[in-house]
Every structure is written in C-alpha cells, then in structure tokens.
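Asks: Fold the following for me, if possible:
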Amino acid sequence: MTLALLLALAPIALLIALGAWLNHSRFLADSFWAQAERLGYYVLLPALFLHGLATASLDNVPVKGMALVLVLSTCAVTVALVASRALLKGSDAAFTSVFQGGIRFNNYVGVSIVAGLFGAQGIALAAVANAAIVPTVNILCVLVFARYGTGAKMTAGKVARQLALNPLVLACFGGIALQVLGLGLPVVIEPVLKALGQASLPLGLLCVGAALELGSVRSWVRPVAYSSLAKFVIMPLATVGACHVFGLDGKAAIAAVLFQALPTASSSYIMARQLGGDAPLMAGIVASQTLLAAVTLPLAAIVLIPWI
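Replies: Alright, predicted model coming up:
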C-alpha cells in the first residue's frame with residue numbers, strides 16, 4: 001500500500017517542481033500563468049467535475065452511508081476551523097488558504113490509490129467520494145471566501161448569486177443531475193469533457209509551482225502546520241468516528257478515510273487566485289502537503305484502518 005501511495009504522489013510533486021522551474025527560468029511569459037489559471041477555473045476544472053460525476057459507476061457501493069460519512073466529517077472540520085479563526089494569526093485572506101488546505105483533497109491521488117488497492121470497485125468508491133465531497137467543499141469554500149476573502153464583504157443575496165454562478169458548483173450539480181436522471185453525456189460531448197478534465201490536473205499543478213515564492217517559506221510554517229493538522233489528523237479522525245456512527249465498514253470505510261487524509265488539491269490555488277484568497281500561501285500549502293503526504297498517508301493507513 002505504501003508503494004501505491006508514493007507512486008500516486010510522485011507525479012504531483014514533479015509537476016509542481018516543473019512549474020517552479022518554468023517560471024523561474026522565464027521559459028514562459030509572466031502573463032501566461034494568469035490566463036492558464038483562468039482557463040483552469042472556468043473551463044478545465046468544471047469539465048473534470050461534470051464528466052467525473054456524470055459518468056461515475058456506482059454499482060454495489062454503499063452510496064448513502066459513504067456520502068453521509070464524508071459530508072458530515074467535512075462539515076465537522078469546517079465548523080472547527082471557522083470556530084478557531086480567532087486563534088489563528090494572520091490575515092483573513094491567509095485564513096482562506098488554511099481553510100482550503102484543511103478540507104479540500106486531491107482527487108487524482110485518491111482515484112489512483114483506491115483503484116490500485118481495490119480495482120474496479122475502487123473506481124466506483126472513488127466516484128462516490130467525489131460525488132459527495134466535491135460539491136460540498138466547493139460550496140463551503142465559496143461561503144468562506146464570501147466572509148474572509150479580500151473582496152468586498154457580500155450580502156446573503158450576493159453569496160447566493162456567487163454560489164449559483166460559480167463554475168465549479170454548477171459543474172458539480174450538473175454532473176450529479178445527469179447521474180441521478182440516468183442521462184449520462186452525449187457520445188460526442190463525453191470525450192471532449194474527458195480530455196478537458198484530464199488537462200486540468202497537470203496545468204493546475206504547473207500553476208501551483210509557478211506561484212511558489214520560496215523566499216517566503218518561513219512565513220508558511222504556521223499556516224502549513226494549522227492546515228496540515230486539520231487535513232492529516234483531525235479530518236481522518238473525524239471520518240473514522242463517522243464510520244462508526246453510520247456503520248460504514250470494509251472497503252468503503254477504508255476508501256473514505258484515505259480520501260479524507262489526502263493532501264489538498266491544486267484547484268484550491270486557482271480558487272484562491274480567482275476569489276480573493278492568499279494565492280502564494282495557498283501554493284505553498286499545496287506543495288508542502290504534497291510532500292508531507294508521503295509520510296502522513298502511509299501512517300494514516302497503518303494507524304487508522306485497523307480502527308475501522
């Protein structure tokens with residue numbers, strides 16, 4: 001299992017490093033990165049979420065139990081992070097990065113791990129995890145940006161409008177609607193969305209690497225520690241507790257715990273850039289958690305899985 005975890009993490013770390021080199025060497029113009037981030041946020045990531053949720057195979061998977069475990073554990077950690085805001089030093093924009101680092105997950109790594117462990121059933125379990133967590137975290141993050149982002153504070157009406165027009169939220173609910181109605185995607189459209197979605201992961205990680213400001217590493221220490229504590233300790237423990245409450249066990253419980261122990265996603269950096277967060281700090285958290293996960297994921301598997 002440890003080898004599978006490391007093999008899933010290695011390409012992510014290498015793509016972040018490549019992005020840092022491309023920016024440092026000025027191989028690409030500075031203006032490229034902002035446009036790449038915009039493309040990812042409005043086109044590639046929505047395509048990834050819409051395709052993944054619309055085409056997921058949910059056969060022989062405890063959908064309700066797994067969804068309850070994942071959504072409620074995510075909401076529990078959200079409440080804990082927001083309640084502890086006063087204890088966390090730094091700006092509100094920095095808090096949005098800590099928050100995203102504490103609740104978002106890298107679904108590329110998750111799919112790779114559970115598919116490697118459980119084969120076709122693992123892919124189905126990953127599909128349920130994505131269907132449950134992706135819309136949940138995107139809604140929660142939009143709400144947190146509305147309260148703590150650097151833009152003007154939003155009224156309830158503006159928050160509702162932000163949620164209704166957010167491309168990631170729209171893509172999630174569009175994919176879920178197609179799944180529930182059994183419509184799937186048109187034969188011509190499906191491969192287009194699949195290709196666009198596959199492009200989102202490497203491009204997003206390159207953007208994360210390009211945004212790294214290594215001269216600011218010392219200022220990352222506290223935010224990285226807070227977000228990693230939430231992501232690698234509190235979130236998995238909350239998930240184990242939820243598994244016991246809702247009677248989720250076996251492979252579904254293992255997949256749920258592993259997904260909630262994953263490092264944060266590159267999409268968190270793009271969302272920080274677009275919605276008024278601390279994007280350089282977010283890039284540092286993404287890179288740091290990716291490296292830390294090489295240790296924390298195997299530990300989570302060894303320590304927590306026997307408790308399920």
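Asks: I'd like the next helix or strand past the helix or strand of the chain with the lowest mean pLDDT.
Replies: In the chain, the helix or strand scored least confidently by mean pLDDT, DSSP states H and E is helix 156-165, which has a mean of 79. Later in the chain than helix 156-165, the nearest helix or strand by DSSP states H and E is helix 167-181.
Asks: list the buried ones in that following helix?
Replies: Under the neighbour-count criterion of 16 or more other CB atoms under 10 Å, helix 167-181 has 167-173, 175-176, 178-179 buried. Every residue, glycine included, has its C-beta placed from N, CA and C.
Asks: Throw these into CSV and include distance to I133 and pLDDT, thanks.
Replies: Shown next, in CSV, are the buried residues of helix 167-181 (distance: CB to CB, whole Å; pLDDT from 0 to 100):
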residue, distance to I133, pLDDT
P167, 18, 87
L168, 12, 84
V169, 13, 84
L170, 17, 89
A171, 14, 89
C172, 10, 84
F173, 14, 87
G175, 13, 89
I176, 12, 86
L178, 18, 92
Q179, 15, 88
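Asks: Can you lay out those as a markdown table showing distance to S91?
Replies: Below are these laid out as a markdown table (distance: CB to CB, whole Å):
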| residue | distance to S91 |
| --- | --- |
| P167 | 26 |
| L168 | 24 |
| V169 | 25 |
| L170 | 29 |
| A171 | 30 |
| C172 | 29 |
| F173 | 31 |
| G175 | 34 |
| I176 | 34 |
| L178 | 40 |
| Q179 | 39 |
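Asks: between those, which is closest to T296?
Replies: L168 (26.0 Å; CB to CB).
Asks: Which strand or helix spans the spatially closest residue to the closest one that is not a sequence neighbour?
Replies: Using CB to CB, 6 or more residues apart in numbering and skipping the chain neighbours, the partner closest in space to L168 is N138 (4.6 Å). Here N138 sits within helix 107-148, counting by DSSP H and E.
Asks: picking that back up, of the buried residues of helix 167-181, just say which sits nearest to I12.
Replies: Taking the buried residues of helix 167-181 together and measuring to I12 by CB to CB, the closest member is L168, at 19.7 Å.
Asks: hang on, the closest one packs against L45?
Replies: Yes. If you go by CB atoms under 8 Å, L168 and L45 touch, sitting 5.9 Å apart.
Asks: which sections of this protein are below the confidence cut-off?
Replies: Applying pLDDT under 70 to the chain flags the ranges 1-2, 151-154, 216.
Asks: quick one, helices of this structure?
Replies: Taking DSSP state H to define them, one finds helices in the chain at 2-24, 30-39, 45-54, 63-83, 92-103, 107-148, 156-165, 167-181, 189-211, 217-229, 235-246, 250-260, 267-275, 279-304.
Asks: on that earlier part again, how far off centre is the least confident helix or strand of the chain?
Replies: Computed by CA atoms, centre = their mean, to the nearest Å, the chain-centroid distance of helix 156-165 equals 21 Å.
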